[in-house]
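# Build the 3D model from these lines:
(2 chains)
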Protein chains: 2
Amino acid sequence: MFSTMAQRLQELMVLFFLAIFSKAVAGLKPYTRANLMPDAANNNYCLSWRLAVEANNVRGWRTVPAQCLRYIEAYMIGGQYDRDLEFITQQIWSYVSGIVPSSDGLDAWILDVDDTCISNVFYYKGKRYGCDPYDPAGFKAWALMGGCPAIPAVLRLFMDLVEGGFKVFLVTGRDQESLGQATADNLHNQGFIGYERLILRTASYKGQSAVKYKSDIRKQLVEEGYRIWGNVGDQWSDLQGEFLGNRTFKLPNPMYFVP
Amino acid sequence: MFSTMAQRLQELMVLFFLAIFSKAVAGLKPYTRANLMPDAANNNYCLSWRLAVEANNVRGWRTVPAQCLRYIEAYMIGGQYDRDLEFITQQIWSYVSGIVPSSDGLDAWILDVDDTCISNVFYYKGKRYGCDPYDPAGFKAWALMGGCPAIPAVLRLFMDLVEGGFKVFLVTGRDQESLGQATADNLHNQGFIGYERLILRTASYKGQSAVKYKSDIRKQLVEEGYRIWGNVGDQWSDLQGEFLGNRTFKLPNPMYFVP
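Numbers count the residues shown, from 1 in each chain, chains lettered A, B, ... in the order given. Okay, here's the model as predicted:
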């Protein structure tokens, strides 16, 4: 009974949050078809930009180019982002299906959390899909509500991995002290159940780059004896550094860059 | 006088070669607008495929999916491939402009050759843009003619690097014995003049993966004292392994995969 009320309350908070943000975006033109289909030249430029981001040719960018707002919006909510996720998780699955996990319980996968397991697209809608600069306080407030929806393709992959006998480690740069409980609750309420460990950033890793922090975490897992078969994230910083695992998979994210 | 005749002869041979190939593709439907614009769902699938290839999520693929022939053709010759190349070389240039080369002559860049410096798009047109499997003899015959055109954006980058005081190393998996002379001639006739060394695959590297071979070459350069500032290639195997350099840049190539 109490948990149902808590969930209702949480849903209300998420709606309230979205309401505030929709005010913030009220200044934008309404989403007519004309706005979602800007001129071809601009589309072509933004496609080049997005490709370069996904191939790690553009690094350290702070905001989406302003001229690409409508393009990125159309990409994120118009279906292609979802299709890209489905395509990649199919690739992951065809790789997974060739692995026979051993009985020692040490076959591991690493998944990032934000925009890998659970989605921040609703939040970033209020940040003009990344055309506005990163807002740490705003993101923290959003994350604390624990209302990020699962990314369906990744949730299916996650459940298949757990059922298939892999130990799944969820590794996130979110701060453990302030966001640990909200993140665990959010993952649970979205069906991410049965993972081996949720690893958040502790005080000792504060200020370190994601590449260094995540490399250290993977190193510890390898030292514990785990074989990292795959490593999935939406940021190149999830997939670079050391102890990367046997295969890495880059999920799309044209909204923000984590160094 | 002789060199002019030789060039004419070479041009004739290239035309002859293209004529043979256009016969081979005569079975395809003519390139009407309708063919270049297949249904939206297919386009979306092929865009997901191309993105996944460029982000290194799909590996070891042998042919372009048959349903993507028209999509990849439109991409390669319809302008977006050129725009993507321009975009990435601009990114490279903005990185280069922040480097001050030292006076010791050891500031190096590494460029791949095929579909980085010079283009095989004409050849691959006859191979249905990669929908046909790799044909070693056909490719060798094409390469021997030395008629690959420069990729304009990369030629400009090359000339800027040389003028800027960098030592440019062209590193290719092409066989030195059979293709060394033709490759050097081809690069020269396309304006790639002033590089430090053209490095081809010698007998001792035969059968090795591109990652291993190119890592070994880069290791030797680093041992000679060179600082590798950048490493540019159209294949992920150019950009993986060891001694990668300070930055790597992936040029697009949805036509073939070199392991």
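# Next, work out how far apart residue A:217 and residue A:230 are.
Applying CB to CB, to the nearest Å, the value for residue A:217 to residue A:230 is 15 Å. In short, each C-beta sits where N, CA and C put it, glycine included.
# Okay, helices next: where are they in chain A?
Assigned by DSSP state H, chain A shows helices spanning A:2-24, A:33-36, A:40-54, A:69-77, A:80-96, A:121-125, A:136-144, A:152-163, A:176-189, A:210-223.
# would JSON lines of those with mean pLDDT and mean neighbour count be doable?
Putting the helices of chain A into JSON lines (pLDDT from 0 to 100; neighbours: other CB atoms under 10 Å in any protein chain shown) gives the following:
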{"stretch": "helix A:2-24", "mean pLDDT": "61", "mean neighbour count": "12"}
{"stretch": "helix A:33-36", "mean pLDDT": "45", "mean neighbour count": "11"}
{"stretch": "helix A:40-54", "mean pLDDT": "96", "mean neighbour count": "19"}
{"stretch": "helix A:69-77", "mean pLDDT": "97", "mean neighbour count": "20"}
{"stretch": "helix A:80-96", "mean pLDDT": "98", "mean neighbour count": "19"}
{"stretch": "helix A:121-125", "mean pLDDT": "98", "mean neighbour count": "19"}
{"stretch": "helix A:136-144", "mean pLDDT": "98", "mean neighbour count": "15"}
{"stretch": "helix A:152-163", "mean pLDDT": "98", "mean neighbour count": "19"}
{"stretch": "helix A:176-189", "mean pLDDT": "98", "mean neighbour count": "17"}
{"stretch": "helix A:210-223", "mean pLDDT": "98", "mean neighbour count": "18"}
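# how about those, which one is nearest residue B:195?
Across these, residue B:195 has its closest neighbour in helix A:40-54 (25.4 Å, CB to CB).
# So which bits of chain A are right by chain B?
A:44-45, A:47-49, A:51-52, A:54-58, A:79-80, A:83-84, A:86-88, A:91, A:248-250, A:252 (CB under 8 Å from any CB of the partner chain).
# Which one of the residues in the stretch 51-200 of chain A is closest to chain B?
At 4.0 Å from chain B, residue A:87 is the closest residue in the stretch 51-200 of chain A, using CB to the nearest CB.
# Would you agree that residue is in contact with residue B:55?
No. Using CB atoms under 8 Å, residue A:87 is not in contact with residue B:55, being 10.7 Å away.
# Between the two ends of stretch A:51-68, what distance do you get?
End-to-end distance of stretch A:51-68 (CA to CA, to the nearest Å): 13 Å.
# buried ones in that stretch?
Neighbour-count burial for stretch A:51-68, with 16 or more other CB atoms under 10 Å in any protein chain shown as criterion, is recorded at A:51-58, A:63-64, A:68.
# what's in contact with it?
A:42, A:45-46, A:49-50, A:72, A:128-134, A:236, A:250, A:252, A:254-255, A:257, A:259, B:51, B:54-56, B:84, B:87-88, B:91, B:248-250, B:252 (CB atoms under 8 Å, 6 or more residues apart in numbering or on different chains).
# any chance of the helices of chain A in a markdown table, plus distance to residue B:142?
Output for these, formatted as a markdown table (distance: least, CB to CB, whole Å):
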| stretch | distance to residue B:142 |
| --- | --- |
| helix A:2-24 | 56 |
| helix A:33-36 | 43 |
| helix A:40-54 | 27 |
| helix A:69-77 | 37 |
| helix A:80-96 | 31 |
| helix A:121-125 | 46 |
| helix A:136-144 | 53 |
| helix A:152-163 | 41 |
| helix A:176-189 | 53 |
| helix A:210-223 | 41 |
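# Please identify which of the ones you listed is closest to residue B:178.
helix A:40-54 (34.6 Å).
# what angle do the closest one and helix B:80-96 make?
Taking axes from the mean of the first three to the mean of the last three CA atoms, to 10 degrees, one finds helix A:40-54 and helix B:80-96 inclined to each other by 60 degrees.
# close enough to count as contact, residue A:45 and residue B:84?
No. Residue A:45 sits out of contact with residue B:84 when judged by CB under 8 Å, with a separation of 10.3 Å.
# Quick check: closest non-adjacent residue to the residue of the stretch 51-200 of chain A closest to chain B.
On the basis of CB to CB, 6 or more residues apart in numbering or on different chains, the spatially nearest residue to residue A:87 that is not a chain neighbour turns out to be residue B:48, at 4.0 Å.
# what do you get for residue A:139?
Excluding the flanking residues, the one nearest residue A:139 by CB to CB, 6+ apart is residue A:123, at 6.8 Å.
# mind listing what the one you found touches?
Residue A:123 touches A:21, A:138-139, A:142, A:148, counting by CB under 8 Å, 6+ apart.
# Then residue A:249?
For residue A:249, the contacting residues are A:88, A:91-92, A:230-233, A:239, B:57, by CB under 8 Å, 6+ apart.
# at 6 Å what do you get?
Neighbour list for residue A:249: A:88, A:92, A:232, B:57 [criterion: CB atoms under 6 Å, 6 or more residues apart in numbering or on different chains].
# Quickly list what it is bridged to.
residue A:232 (DSSP bridges).
# So the nearest residue to residue A:225 once chain neighbours are set aside versus residue A:243, what's the distance?
What sits nearest to residue A:225 in space, not counting adjacent residues and going by CB to CB, 6+ apart, is residue A:106, at 5.1 Å. As for residue A:106, its distance to residue A:243 is 14 Å (criterion: CB to CB).
# what's the answer for residue A:49, then?
Computed with CB to CB, the distance linking residue A:49 and residue A:243 is 31 Å.
# With residue A:62 instead?
Separation of residue A:62 from residue A:243 (CB to CB) stands at 29 Å.
# what does stretch A:71-88 contact?
Outside stretch A:71-88, the residues within contact range by CB under 6 Å, 6+ apart are A:36, A:43, A:46, A:64, A:121, A:129, A:153, A:249, A:252, A:254, B:44, B:48, B:51-52, B:57.
# Name the nearest of those relative to residue A:180.
Nearest to residue A:180 out of these is residue A:121 (CB to CB; 23.0 Å).
# quick one: which of the helices of chain A is nearest residue B:174?
Among the helices of chain A, helix A:40-54 sits nearest to residue B:174 (CB to CB), with 26.9 Å.
# separation between residue A:90 and residue A:51?
Taken as CB to CB, the span from residue A:90 to residue A:51 is 20 Å.
# Ok, residue A:92 next?
Taking CB to CB as the measure, residue A:92 and residue A:51 are separated by 21 Å.
# And residue A:73, by the same measure?
Applying CB to CB, the value for residue A:73 to residue A:51 is 18 Å.
# Could you check how many residues crowd around residue A:228?
Using other CB atoms under 10 Å in any protein chain shown, residue A:228 is surrounded by 21 other residues.
# Skipping its backbone neighbours, what lies nearest it in space?
Closest residue in space to residue A:228, ignoring its immediate chain neighbours: residue A:245 at 3.5 Å, by CB to CB, 6+ apart.
# Contact partners for the one you found?
Shown in contact with residue A:245 (CB under 6 Å, 6+ apart): A:228, A:230-231.
# okay, it: pLDDT?
At residue A:245, the model reports a pLDDT of 97.
# what do you get for residue A:101?
Value for residue A:101, per-residue pLDDT: 94.
# What residue, apart from its backbone neighbours, is nearest the closest residue to chain B within the stretch 151-259 of chain A spatially?
Nearest residue of the stretch 151-259 of chain A to chain B (CB to the nearest CB) works out as residue A:250 at 4.5 Å. Once flanking residues are discounted, residue A:250 sits nearest to residue B:55: 4.5 Å by CB to CB, 6+ apart.
# Show me which pair in the buried residues of stretch A:51-68 is furthest apart.
Going by CB to CB, the pair spanning those furthest: A:55 and A:63, at 19.3 Å.
# Tell me how far residue A:191 lies from residue B:46.
Using CB to CB, residue A:191 is found at 32 Å from residue B:46.
# Same check on residue A:110?
30 Å.
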